[in-house]
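1. no FASTA, just this:
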């Protein structure tokens with residue numbers, strides 16, 4: 001299936017100009033040829049040209065005819081001369097339009113010499129014998145005539161007699177415009193008209209090309225502007241889609257948060273209310289009363305922890321986080337982390353980086369480590385260890401924050417089931433949590449915000465064998481900043 005024709009017009013070819021130049025050249029050449037022909041036709045004709053042309057015609061007529069007497073009369077009638085004769089090599093007239101001359105030798109010795117020597121000769125002399133035509137004397141003896149002799153092919157010669165007056169008339173210019181001049185001038189006019197037509201066609205094609213080029217430029221400009229407008233619209237559409245997706249995501253998160261808060265708050269609150277009603281309405285043994293009170297205290301603590309997390313997140317989002325970072329010896333940081341969470345074991349080596357100071361806020365750092373330990377136990381871990389190392393211990397699969405050039409590394413490793421790789425990119429987002437886990441989804445979000453406020457980074461490595469979180473915080477030596485080899 002053929003596509004639509006293009007509306008673009010090609011630039012006029014240079015062959016238009018070449019063709020116009022050729023037409024102009026042919027016009028000039030034809031005009032010059034007409035002038036030359038006309039000038040040549042106006043010039044007198046020479047006797048030699050007449051003689052040569054006539055003897056050639058007469059020789060052709062005689063040579064091709066088997067009846068010589070008839071041939072000489074035909075030549076005389078066609079050429080319009082006074083007489084035509086044929087001589088043998090001895091100068092004897094063998095055929096002539098003047099019958100009395102047949103069988104007689106030519107009277108002029110020069111003509112006889114030319115016939116004998118087979119030469120072309122022309123002379124003006126008085127004739128010695130009368131010239132007869134149809135039994136009538138046409139020229140009397142003594143009349144001066146031009147006599148021309150020319151050899152024939154094979155043998156013999158042809159002899160022509162010219163009347164001087166008639167010869168002079170034939171020499172005169174024919175006058176007027178010659179037919180060939182008319183033909184050449186007509187040809188020049190044709191070429192001239194053709195050249196003008198080519199120039200007009202080229203001019204129209206050039207105008208059309210300029211018009212189409214201008215329209216094409218306008219279309220191109222409009223197309224560029226349209227493309228930009230489309231790009232702006234596309235960008236606006238993407239932004240609107242992103243805003244819509246973000247709004248939908250916020251709505252989803254809020255809905256999940258409401259459901260989560262409803263569940264997380266209702267469960268411990270129900271336990272506390274139910275326990276209080278049991279204590280008030282029933283007689284319980286001291287052991288049952290003590291167990292019930294312990295459960296109510298644990299649920300109350302859980303309820304308070306959830307409320308505190310929500311308040312901390314609200315405070316972070318409203319006012320941000322700002323800590324006064326101070327230089328703390330590495331050994332002091334390691335000892336503080338050992339007591340960050342009572343349920344976690346410690347793998348610290350305070351002597352591994354002696355002389356190194358850490359720029360941090362110990363309270364905020366211990367809060368993050370404790371939150372990570374709680375998160376590990378919440379998601380199924382049985383053992384959790386806290387380590388303080390001078391070098392990184394994990395290959396991060398996800399990093400938030402900017403890692404310092406010189407740092408120490410605090411790790412929280414557990415033996416839990418690991419984090420789902422599809423859920424991994426969202427673990428540090430607010431209210432994000434896996435569907436099967438408990439909690440508010442705020443612990444890792446707060447840990448991220450605190451670590452970034454401490455000018456460090458938080459990374460994670462996970463597998464079915466467990467998960468390791470690694471915190472990097474700025475470090476410096478007593479002399480200068482310590483460049484830690486990674």
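-> Perfect, thanks for sending it. Predicted, not measured: the structure shown is a model, and the values here were computed from it.

2. which residues touch residue 281?
-> Going by CB atoms under 8 Å, 6 or more residues apart in numbering, residue 281 touches no other residue. In this view, the C-beta of every residue, glycine as well, is placed from N, C-alpha and C.

3. and what of the one 3 residues further on?
-> Applying CB under 8 Å, 6+ apart to residue 284 gives the contacts 278, 292.

4. on the three-state scheme, it is what?
-> coil (DSSP: H, G, I helix; E, B strand; the rest coil).

5. likewise residue 328?
-> Relying on three-state DSSP, one would call residue 328 strand.

6. next: residue 227.
-> Assignment for residue 227 (three-state DSSP): helix.

7. tally of neighbours for it?
-> By other CB atoms under 10 Å, 10 other residues sit near residue 227.

8. and it, what's its pLDDT?
-> Residue 227 carries a pLDDT value of 91.

9. quickly note the distance from it to residue 219.
-> 12 Å (CB to CB, to the nearest Å).

10. could you do residue 242 as well?
-> 33 Å.

11. those two: which has the busier surroundings?
-> Counted by other CB under 10 Å, residue 242 and residue 219 do not tie: residue 219 has more neighbours, with 13 against 10.

12. my guess is residue 326 contacts residue 358. True?
-> No: using CB atoms under 8 Å, residue 326 is not in contact with residue 358, being 9.3 Å away.

13. which one's more surrounded, these two?
-> Taking neighbours as other CB under 10 Å, residue 326 and residue 358 compare with residue 358 leading, 27 against 11.

14. where do the helices sit along this structure?
-> For the chain, helices defined by DSSP state H occupy the ranges 15-42, 47-63, 68-79, 109-117, 164-171, 179-281, 286-319, 330-338, 362-378, 443-453.

15. of those, which is nearest residue 148?
-> Of all these, helix 47-63 sits nearest to residue 148, with 4.8 Å by CB to CB.

16. what about that closest one, average pLDDT?
-> 86.

17. if we can go back for a sec, a markdown table for the helices of the chain, including distance to residue 147?
-> What follows is the helices of the chain, written out as a markdown table (distance: least, CB to CB, whole Å):
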| stretch | distance to residue 147 |
| --- | --- |
| helix 15-42 | 28 |
| helix 47-63 | 10 |
| helix 68-79 | 14 |
| helix 109-117 | 6 |
| helix 164-171 | 11 |
| helix 179-281 | 33 |
| helix 286-319 | 139 |
| helix 330-338 | 147 |
| helix 362-378 | 144 |
| helix 443-453 | 135 |
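
18. for residue 475, which of these is the nearest?
-> helix 330-338 (7.3 Å).

19. and that closest one, what does it pack against?
-> Packing partners of helix 330-338 (3 or more CB pairs under 8 Å, 6 or more residues apart in numbering; DSSP states H and E): strand 356-360, helix 362-378, strand 384-389, strand 407-414.

20. just the angle for it relative to strand 356-360, thanks.
-> 50 degrees (axes from the mean of the first three to the mean of the last three CA atoms, to 10 degrees).

21. what's near enough to touch the residue nearest to residue 389 when sequence neighbours are not counted?
-> Computed as CB to CB, 6 or more residues apart in numbering, the closest residue to residue 389 that is not its neighbour in sequence is residue 409, at 4.9 Å. Under the criterion of CB under 8 Å, 6+ apart, the neighbours of residue 409 are 388-393, 470-472.

22. quick one, domains of the protein?
-> 47-171, 326-477 (automatic domain parsing).

23. surely residue 452 touches residue 403?
-> No: judged on CB under 8 Å, residue 452 makes no contact with residue 403 at a distance of 11.3 Å.

24. ok, those two, which is more surrounded?
-> Ranked by neighbour count (other CB under 10 Å), residue 452 and residue 403 place residue 403 first, with 18 against 15.

25. where are the low-confidence patches of the stretch 51-200 of the chain?
-> By pLDDT under 70, the low-scoring segments of the stretch 51-200 of the chain are 171-177.

26. let's see 80
-> Within the stretch 51-200 of the chain, the segments meeting pLDDT under 80 span 165-182.

27. need the phi and psi values for residue 143.
-> The phi/psi pair for residue 143 (degrees, to the nearest 10) reads phi -80, psi 140.

28. not counting its neighbours along the chain, what's nearest it?
-> That would be residue 127: by CB to CB, 6+ apart, it lies 5.8 Å from residue 143.
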